[in-house]
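Enquirer: just the structure for this:
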Amino acid sequence: MKKKFLCLLLAFSLCANSVPVMGAGTKQSTSLCTSVYTGSNAEAQSYLRAASPIKSYLSPCTDSSIMRVQYAPSIKGLLVEYYDSAYHLKNSRIIPEELPLFGGFYETDTGYFVVTGQENPKEDDALEVFRITKYDKQWNKIKSASLSSCNTTIPFRSGSLRMDACGKYLLIRTSHQMYADPDGRNHQANATIELDMETMTVTDSYMDVMNSSVGYVSHSFNQFIKVEDNHIVAVDHGDAYPRSITLIKYATDASTGSFTPDSFLTPCTVTRVMDFPGEIGNNYTGAAVGGFEISGSSYLIAGNSVIQDEKNLERGTRNVFVAAVDKETSEVTVTWLTSYTEGDSTTRTPHLVKTKDGRYYVLWSRSGKVYYTEIDGDGRQKSPLYVYNGNLSDCAPTEINGKLIWYVWHEQTLVFYDINLENPSQMNTNAFTRVPPSDSKPAEVKAGQTRRISGIDYRVTKSGTDKQAEVQAKRVVSKKKSIQIADTVKIAGVTCKVTSIAAKACEKNQTITSVSIGKNVRTIGKNAFYRCKKLKKITVKSKVLKKVKEKAIQGIHKKAVIKAPKKQLKKYKKLFSKKAGFRKGMKVKK
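Expert: Model (predicted):
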C-alpha cells in the first residue's frame, strides 16, 4: 500500500503574511445559575499519549434551543442544561449517577444513552463492569443493560468511548484494562459492544486478546467508530499491536445483532494509516487522533504528529494532518495543514467535523488561538485558514441553527464559540460568568474519584470538601528519575491531603532514582517501592508517618539513603525495618 505525504504550500497556508489574526465578536455577561461546579474542559480533547472519555456534549433541540450535557466528578451526576439560541440559560437538571466511571453519551431520534462503568480489581466475573442506560427525550430513565464477565479490571482505561447506531443496534467502541496475564501483567486494549436498543440487551461484545483480524488493537489509546452499510468502520491509535494509527473495516453485518468476525472466514480489512518508529509498546508515539469521518470517496482521519523518523520519540512539535484512505484502493494520502519546525510551540489535537450538507472542517488550537479550515472529501484544503483568539475543548463542534458550536468551561466561566456556516470566516464568542446562589454548598469529592498529576495517579480515599478530603498516591506512571509525592492535590477543584502511598504504587520501576514523600503521608503501602533497583534516595518530609508496610522498600538500591525529619529520626529508623526491606548498607539519617 502506497502512502503519499503532501504538505500543501498554497496561498492560504501558514505563511505569516497571508493568515490574518482576527478578533472574534465577543459578548460578555453574567448569568445566575442554580449551581457552579468546579472543573474544566479547556483543551480536554488534546492528549500526548492516551485519550480519555469525552465528557462534554451539545445537541440541538426541536425548538432551536441547545442542550448541553456535561459530566464532572464535582457534579455528582450528569449536568443537563438548556439554552436559547442566544445562549441564555433556560433550565437545568442533574441526572443521577449510575456507575462511578463515566464513559460517554449518545443521542438517537427517540432517546439518550449513557455508558458508565466501575473497576473490577478482584477480577470478579459476577461484577457488573459496564452499564448502558437508556432515557427518553425528557430524561426519564427507561432501562439499563449490564455487562460482566468481560475480561475487564478497569473500563475506559487510557482511551475514549464513541458510539454509532446500526438500525436498532447501538455499537460502542472503547478501551479497557484486562485481567492479568500469566505473567501477572494487566494489559490494555480496545473493546467493542453491541446493544439492542429496543430490548436493552447486549447482543455481542469483544473483550478478548487476539489480533487486528478481529478488530483487536493493543494498546489502543483512542477509539472511533462509524457504521457504513451495516458494517463497522473503526479507527484506533495503537502503540504495539499494531504500532500505528489503524483503520479497521469489519466484514460482518452488524444489523444482525453480531459483529465479531471469524479471523479466517470474515477477517477485518486493516489499513495502517501512520506507523510510529520505536519500540513495540512504548506508550509515547508522538501523535494523537482527533477526528474520523466518511466521505463518498475516502475515510478521513484528522490528527497531529511530530515528524515520524528515527528521532520521533525526542521530538515535541506536532503538526496537524488529515489522512485520506481511498475506499477502493486503501491507498493513504496524508495532507499536512501546518508546517511548524521542531522547537516551535505545538498544535493541540484537532477536531474533524462533517456538516449536514457534506462539508468538512478541521479545527485545532495553538498558543491560545483557534485555527480552522475546510477540506474536501479527499482531505485536501479548499478554503482559507481562519484564526481567532480562543480555545477548543472535548466538546466536538456541533452543527446547530446553521452554526458550528462548541463550548469551553473553566470553573465559573462558560464560553460558547460559534462559526457561521453561511460565512465561515465569522467566529463569535459568547462568554458568561456564572454566579451561584448565596446558599450554595462547597464543592466535595467522593471516595474513588481519581486524577493523574505529574505522572502519578491519585485516588480519593476519604470524601470531603477542601482540606477535609484525603487521597492516596495510587500508582506512579511517570518515567522520570525523580518523583515527588505531593503534600496536597486538587481533584475536581477540591484540595485533598495526600495521606498514603498505595501497595505496589511504584513496584519494579526501573527508572526512578529518588523520591520525595509529602508532609501529610501517614502510610507507605506494602511493596510500594519493591524492586526499584535504582532508587537511591528517599526524602521523607512527613512528620506524621505511622506505618511502612512489608517489603515497601525491599530491593531498592543497596546503598540507599532515607532522609527523615530530625525529631522523627529515631522513630523512623524503627519504621524502616528489616521487614519493610531495610538492609545492611542502607542509611536512615536527618
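Enquirer: in three-state terms, label the nearest residue to residue 251 once chain neighbours are set aside for me.
Expert: Spatial nearest neighbour of residue 251, chain neighbours left out: residue 266 (4.3 Å); criterion: Cβ to Cβ, 6 or more residues apart in numbering. Just so you know, the C-beta spots here come from the backbone N, C-alpha and C atoms, and that holds for glycine as well. Classification of residue 266 by DSSP: H, G, I helix; E, B strand; the rest coil places it in coil.
Enquirer: tell me how many other residues crowd residue 266.
Expert: 14 (other Cβ atoms under 10 Å).
Enquirer: ramachandran angles for it?
Expert: phi -130, psi 60 (degrees, to the nearest 10).
Enquirer: chain center to stretch 348-362, what's the gap?
Expert: Relative to the centre of its chain, stretch 348-362 is centred 20 Å away, using Cα atoms, centre = their mean, to the nearest Å.
Enquirer: what's the end-to-end length of that stretch?
Expert: Counting by Cα to Cα, to the nearest Å, you get 12 Å between the two ends of stretch 348-362.
Enquirer: which of the residues in it are buried?
Expert: Residues of stretch 348-362 classed as buried: 348-354, 359-362 (neighbour count, 16 or more other Cβ atoms under 10 Å).
Enquirer: phi, psi of residue 566?
Expert: Dihedral angles for residue 566 - degrees, to the nearest 10 - are phi -50, psi -50.
Enquirer: pLDDT value on it, please?
Expert: At residue 566, the pLDDT value in this model is 95.
Enquirer: what's the local residue count around it?
Expert: 9.
Enquirer: that one contacts residue 590, doesn't it?
Expert: Yes - taking contacts as Cβ atoms under 8 Å, residue 566 lies within contact range of residue 590: 4.5 Å.
Enquirer: now do the same end-to-end measure for stretch 253-266.
Expert: Its start and end residues considered, stretch 253-266 measures 10 Å (Cα to Cα).
Enquirer: try stretch 562-571
Expert: Stretch 562-571 has an end-to-end distance of 13 Å (criterion: Cα to Cα).
Enquirer: okay, now the sheet partners of the helix or strand containing residue 515, with direction.
Expert: Here residue 515 sits within strand 514-517, counting by DSSP states H and E. According to DSSP bridges, strand 514-517 forms sheet pairs with strand 482-485 (parallel), strand 537-540 (parallel).
Enquirer: and those strands: which comes nearest residue 317?
Expert: Smallest distance to residue 317 across the strands paired with strand 514-517 (Cβ to Cβ): 25.4 Å, for strand 482-485.
Enquirer: any residues touching the closest one, and which ones?
Expert: With contacts defined as Cβ atoms under 8 Å, 6 or more residues apart in numbering, strand 482-485 is touched by 454-456, 473, 476, 498, 501, 506, 512-518, 521.
Enquirer: buried stuff in the helix or strand following that strand?
Expert: Using DSSP H and E, the helix or strand that follows strand 482-485 in sequence is strand 488-491. By 16+ other Cβ under 10 Å, the buried positions in strand 488-491 come out as 488-489, 491.
Enquirer: same check, this time on stretch 131-141
Expert: For stretch 131-141, by 16+ other Cβ under 10 Å, it's 131-135, 139.
Enquirer: now do the helices in the stretch 351-500 of the chain.
Expert: In the stretch 351-500 of the chain, no helices are found when defined by DSSP state H, counting those that start in this stretch.
Enquirer: where does the residue nearest to the spatial centre of the chain fall, phi/psi-wise?
Expert: Centroid-nearest residue in the chain, with Cα atoms, centre = their mean: residue 52, separated by 1.2 Å. The phi/psi pair for residue 52 (degrees, to the nearest 10) reads phi -140, psi 160.
Enquirer: selection in PyMOL covering whichever of the contacts of strand 482-485 are buried, please.
Expert: This is how PyMOL selects the buried members of the contacts of strand 482-485, with burial counted by 16+ other Cβ under 10 Å:
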select buried, resi 456+473+476+498+501+506+512+513+514+515+516+517+518+521
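Enquirer: could you identify the most distant pair in the contacts of strand 482-485?
Expert: Among those, the pair separated by the greatest distance (Cβ to Cβ) is 498 and 513, at 21.1 Å.
Enquirer: quick revisit: residue 339: which of the buried residues of stretch 131-141 is nearest?
Expert: Nearest member of those to residue 339, counting by Cβ to Cβ, is residue 132, at 43.1 Å.
Enquirer: got the contact list for the closest residue to that closest one other than its chain neighbours?
Expert: Using Cβ to Cβ, 6+ apart and skipping residues adjacent in sequence, the residue nearest residue 132 is residue 145, 4.7 Å away. Residues near residue 145 by Cβ under 8 Å, 6+ apart: 131-132, 134, 195, 200-202.
Enquirer: can I get the residues you listed in JSON lines including pLDDT?
Expert: Converted to JSON lines, the contacts of residue 145 look like this (pLDDT from 0 to 100):
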{"residue": "131", "pLDDT": "98"}
{"residue": "132", "pLDDT": "99"}
{"residue": "134", "pLDDT": "98"}
{"residue": "195", "pLDDT": "99"}
{"residue": "200", "pLDDT": "99"}
{"residue": "201", "pLDDT": "98"}
{"residue": "202", "pLDDT": "99"}
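Enquirer: of those, which is the nearest to residue 574?
Expert: Closest approach between the contacts of residue 145 and residue 574, by Cβ to Cβ: residue 131, at 47.5 Å.
Enquirer: helix or strand: which one has that closest one?
Expert: Assessed by DSSP H and E, residue 131 sits inside strand 128-136.
Enquirer: right, and the helix or strand after that strand?
Expert: Following strand 128-136 in sequence order, the next helix or strand is strand 141-148 (DSSP H and E).
Enquirer: taking the mean pLDDT, what do you get for whatever helix or strand comes next after that following strand?
Expert: Downstream of strand 141-148, the next assigned helix or strand under DSSP H and E is strand 154-155. For strand 154-155, mean pLDDT is 98.
Enquirer: output the contacting helices and strands for strand 154-155.
Expert: strand 169-180 (3 or more Cβ pairs under 8 Å, 6 or more residues apart in numbering; DSSP states H and E).
Enquirer: give me the neighbour count for residue 231.
Expert: Residues near residue 231, counting by other Cβ under 10 Å: 18.
Enquirer: from residue 332, how far off is the closest residue to it other than its chain neighbours?
Expert: Distances taken as Cβ to Cβ, 6+ apart put residue 250 closest to residue 231, at 5.2 Å, once the chain neighbours are dropped. From residue 250 over to residue 332 the distance is 19 Å, taken as Cβ to Cβ, to the nearest Å.
Enquirer: and what of residue 279?
Expert: For residue 279, the distance to residue 332 - Cβ to Cβ - is 23 Å.
Enquirer: show me which of these two is the more surrounded one.
Expert: residue 332 (24 against 9).
Enquirer: touching, that one and residue 322? I think so.
Expert: No - contact criterion Cβ under 8 Å: residue 332 and residue 322 do not qualify, at 11.0 Å.
Enquirer: domain-wise, how is this structure divided?
Expert: By the assignment in automatic domain parsing, the chain contains the domains 1-40+286-441, 109-285, 450-589.
Enquirer: ok so, going back, closest one to residue 246 among the strands paired with strand 514-517?
Expert: strand 482-485 (33.3 Å).
Enquirer: distance between the closest one and the chain's centre?
Expert: 24 Å.
Enquirer: same check, this time on stretch 125-141
Expert: Counting by Cα atoms, centre = their mean, stretch 125-141 comes out at 21 Å from the chain centroid.
Enquirer: cool, and stretch 448-457?
Expert: 13 Å.
Enquirer: swap in stretch 340-353?
Expert: Relative to its chain's centre, stretch 340-353 lies at 18 Å (Cα atoms, centre = their mean).
Enquirer: show me what residue 483 is bridged to.
Expert: Judged by DSSP bridges, the bridge partners of residue 483 are residue 515.
Enquirer: correct me, but the residue nearest to residue 251 touches residue 253?
Expert: No - proximity of residue 266 to residue 253 does not meet the contact threshold set by Cβ under 8 Å, at 9.5 Å.
Enquirer: check contacts around residue 513.
Expert: 481-482, 534-537.
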